[in-house]
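> sharing a model that was predicted from the sequence below.
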Amino acid sequence: MSAQLIDGIALSQKLRAEIAARAAVLTAKGKQPGLAVILVGDDPASHVYVRNKVKGCEDAGFYSLKEQYPADLSEAALLERIAALNADPKIHGILVQMPLPKHINPHKVIEAISTTKDVDGYSVLSAGELMTGLEGFRPCTPYGCMKLIESTGVDLKGKHAVVIGRSNTVGKPMGLLLLQANATVTICHSGTPDLGVFTRQADVVVAAVGRRNVLTADMVKPGAIVIDVGMNRNDEGKLCGDVDFAGVKEVASHITPVPGGVGPMTITMLLMNTVEAAERA
Ligand SMILES: Nc1nc2c(c(=O)[nH]1)N[C@@H](CN(C=O)c1ccc(C(=O)N[C@@H](CCC(=O)O)C(=O)O)cc1)CN2
């Protein structure tokens, strides 16, 4: 039996139509949602993501401001720009594309963004809000994963969810969001001795490691939901996730593809957080 595909492009389209409708209401009231996107340096992938974010804003009827700086921009200059955007009433969300050049401390930059405009949900305060279940911005990738799981119609209450990966931007917030949805959560990582022992017990597996074939068919319980956050290249240079898709789709009930799964949802949830920021402003 082959798993049902969880289509991140189709779900994104549906959610983006809802976001555009919310933006139109705000614009009619003279409060068009505005997002500032800052790109430092010339990482080719970052250029593509930033372009897609700006295009997403245009399609949703947002005001967007793209600021692009050379790789040698000083940390002080970047912090100065963020301070100006914090004070700009047309801007409801500020996003600094990661990764930043090595000489810039990403923590300082994230903490410089006003909490009310932290639409990436990366700040310590946003993390605390998530931890305590308070209203706040959820990091876009795990937030998107939750929407993908929700779209299967499976109730997470009492289910065992295993997250592979413990990054601050995906693994840890993912675990907290699953916990908030009443799942029993296990977070595995590079120090977990036998990953399969955990994943074989899971009703939901979220793989967020950044390494190919971390999850293979023999490690998955029949009928599990599998969410693949990975973005890697295979030997032919083709984009692939952390999951052995061909094998796992024969065991899982639902599975996200790469590309076309989690990736598009990351930008959709950024737009969702931005319209939310404008509504709250
Ligand atoms: N400030 C941030 N920086 C970064 C984030 C983030 O959420 N905030 N996430 C990633 C990059 N990213 C968005 O910024 C992102 C990555 C991938 C995709 C996507 O749509 N991927 C496609 C495939 C694209 C391809 O062909 O290369 C897919 O999976 O279908 C969107 C956004 C790091 N930086």
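Structure's in. What do you need?

> distance between the helix or strand containing Thr266 and the chain's centre?
Using DSSP states H and E, Thr266 maps to helix 262-280. Distance of helix 262-280 from its chain centroid, counting by CA atoms, centre = their mean, to the nearest Å, is 9 Å.

> which elements pack onto it?
Counting contacts by 3 or more CB pairs under 8 Å, 6 or more residues apart in numbering; DSSP states H and E, helix 262-280 packs against helix 8-28, strand 34-40, helix 44-60, strand 93-96, helix 140-150. Bear in mind the C-beta positions are built from the backbone N, C-alpha and C, glycine included.

> so which elements touch the very next helix or strand once past the third one?
Counting by DSSP H and E, the element after helix 44-60 in chain order, helix or strand, is strand 63-69. Under the contact criterion of 3+ CB pairs under 8 Å, 6+ apart, the helices and strands touching strand 63-69 comprise strand 34-40, helix 44-60, helix 75-86.

> again, 7 Å this time
strand 34-40, helix 44-60 (3 or more CB pairs under 7 Å, 6 or more residues apart in numbering; DSSP states H and E).

> how about the shortest one against the ligand, any contact?
Right, strand 34-40. No: if you take CB under 6 Å from any ligand atom as the test, strand 34-40 misses the ligand, and the best it gets is 8.6 Å.

> just to be sure, Ile227 is in a strand?
Yes: checked against DSSP: H, G, I helix; E, B strand; the rest coil, Ile227 lies within a strand.

> check contacts around it.
By CB atoms under 7 Å, 6 or more residues apart in numbering, the contact list for Ile227 reads 145, 148-149, 206, 256, 262.

> same thing but at 10 Å, please
Counting by CB atoms under 10 Å, 6 or more residues apart in numbering, Ile227 touches 6, 8, 142, 144-146, 148-149, 152, 161, 163, 174, 204-208, 241-243, 252, 254-256, 261-262, 265.

> re the thing from before, quick check: mean pLDDT across the helix holding Thr266?
Regarding helix 262-280, the rounded mean pLDDT is 98.

> is that helix anywhere near the ligand?
Yes: contact of helix 262-280 with the ligand (CB under 6 Å from any ligand atom) involves 263-264, 266-267.

> next, the angle from that helix to helix 8-28.
20 degrees (axes from the mean of the first three to the mean of the last three CA atoms, to 10 degrees).

> quick check: buried residues in helix 262-280?
Using 16 or more other CB atoms under 10 Å as the test for burial, helix 262-280 gives 262-278.

> again, but for stretch 200-218
200, 202-209, 212-215.

> what's the answer for stretch 178-189, then?
Of all the residues in stretch 178-189, those buried under the rule 16+ other CB under 10 Å are 178, 181, 183-188.
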